[in-house]
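Chemist: Output the structure for:
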Amino acid sequence: MKQIEQFVNSIYAHLSGKEAKELKQEMRSHLLETVEELKAEGKSEQEAISIALDRFGDEKQVTIGLLTIFQYQNKFVKWLLRSAVIFLLIGLIVSISLFIRDKAYSDTLNLMDNLVQSYQTKGEFTSEDELALQDMVERNSKWFDNISYFAFIKDSEVDGKKTSEKLFTQGKEGAGESGMIRQGKIGKDNNLWHVEYEYKAYNYLKYEFLYYIFFAISGVLFILWGVVRFNNRNRLKAFT
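Modeler: Sure thing, here's the model as predicted:
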C-alpha cells in the first residue's frame, strides 16, 4: 500500500540505522492491521487507509518531535564515542613518549648496577681500573651526557674504623636537579663498592600522572557512551 509506505517514510525520514528500520516495520504493521480491521467493518480499502492515516495524523507531530530528540541523542552518543577514542589515543601516545624518554633513566640505572657488580670480586682499585672506568664512561657517553656528577666510591672497615674513598669522580656535586642517587654492592673483604650520581635534568616519571588522567577521562566517556546508547536503544524499541 503506497500511501502507508509514504506516510511511514515521511515520519522516519530523519532517522537511520537498525532502530529506524525496526520502528518503520512496527508502524507499518500497525497501520496495516488497522486497515484490515476497518475493511472487516465494511470500509473500502481506500476509506480504511484514509481513516488509519487520519488517526495517526494527530500523533505525527509528536512522533516527529520525539524522533528529532532521538536524532540529537544519537549524535551525542557518537560524540561520546569519538571523544573516548581520542582521549584513549592521546593517553597511549603520551604513555609511549614518556616510556621512550624515561627509558634513558632506566638504562642508566642498569649501567650503574652492572658497574658496581663488576667490582664485587675485587679488593683494590688499581690504575688499570681507573683507565677502564674512564673508558666505560666514554663508551657510554649517551647515558652520561645528562649526568652532572658521578663518583665511584669504596667504603671499607679496618680495625672497626670505617673509611670512604672516592676513587673516580666526574662533574660537580650538587649541580644537578635530581639529588644524589646511590647504588652499592658488598664485595671482597666486606668492602662496599658504590656509585653516586646526579642528573642535570631529572624528569623521571614527572609527567606520569598525565596518561592516568587521559585514560580515566577515556574510561568515563566510554561508560557514558554505553549507558546513553543502551537507554536510547531501549526507548526507541519501546517507541512506536
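Chemist: Counting by contacts, list what the biggest helix by length in the chain packs against.
Modeler: Ranked by residue count, the top helix of the chain under DSSP state H comes out as helix 45-117. Secondary-structure packing of helix 45-117 (3 or more CB pairs under 8 Å, 6 or more residues apart in numbering; DSSP states H and E): helix 2-11, helix 18-40, helix 141-144, strand 181-186, strand 192-199, helix 208-238. C-beta here means a position set from N, CA and C on the backbone, and glycine is covered the same way.
Chemist: can you list those in a markdown table and add mean neighbour count, mean pLDDT and distance to residue 128?
Modeler: Output for the helices and strands packed on helix 45-117, formatted as a markdown table (neighbours: other CB atoms under 10 Å; pLDDT from 0 to 100; distance: least, CB to CB, whole Å):
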| stretch | mean neighbour count | mean pLDDT | distance to residue 128 |
| --- | --- | --- | --- |
| helix 2-11 | 14 | 77 | 91 |
| helix 18-40 | 15 | 78 | 78 |
| helix 141-144 | 14 | 86 | 21 |
| strand 181-186 | 15 | 84 | 20 |
| strand 192-199 | 20 | 91 | 16 |
| helix 208-238 | 15 | 80 | 42 |
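Chemist: Out of the ones you listed, which is closest to residue 122?
Modeler: Evaluated over the helices and strands packed on helix 45-117, closeness to residue 122 peaks at strand 192-199, with 7.7 Å, by CB to CB.
Chemist: tell me what that closest one is packed against?
Modeler: Going by 3+ CB pairs under 8 Å, 6+ apart, strand 192-199 lies up against helix 45-117, strand 147-158, strand 181-186.
Chemist: Put the alpha carbons of that strand into PDB.
Modeler: Taking C-alpha atoms only, strand 192-199 is exported to PDB below (Å, rounded to 0.1, in the frame of the first residue of the first chain):
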ATOM      1  CA  LEU A 192      81.300  -1.700  49.800                       C
ATOM      2  CA  TRP A 193      81.700  -0.500  46.200                       C
ATOM      3  CA  HIS A 194      79.100   2.000  45.300                       C
ATOM      4  CA  VAL A 195      78.400   4.800  42.800                       C
ATOM      5  CA  GLU A 196      76.600   8.100  43.300                       C
ATOM      6  CA  TYR A 197      75.400  10.400  40.600                       C
ATOM      7  CA  GLU A 198      73.100  13.300  39.900                       C
ATOM      8  CA  TYR A 199      71.100  14.100  36.800                       C
END
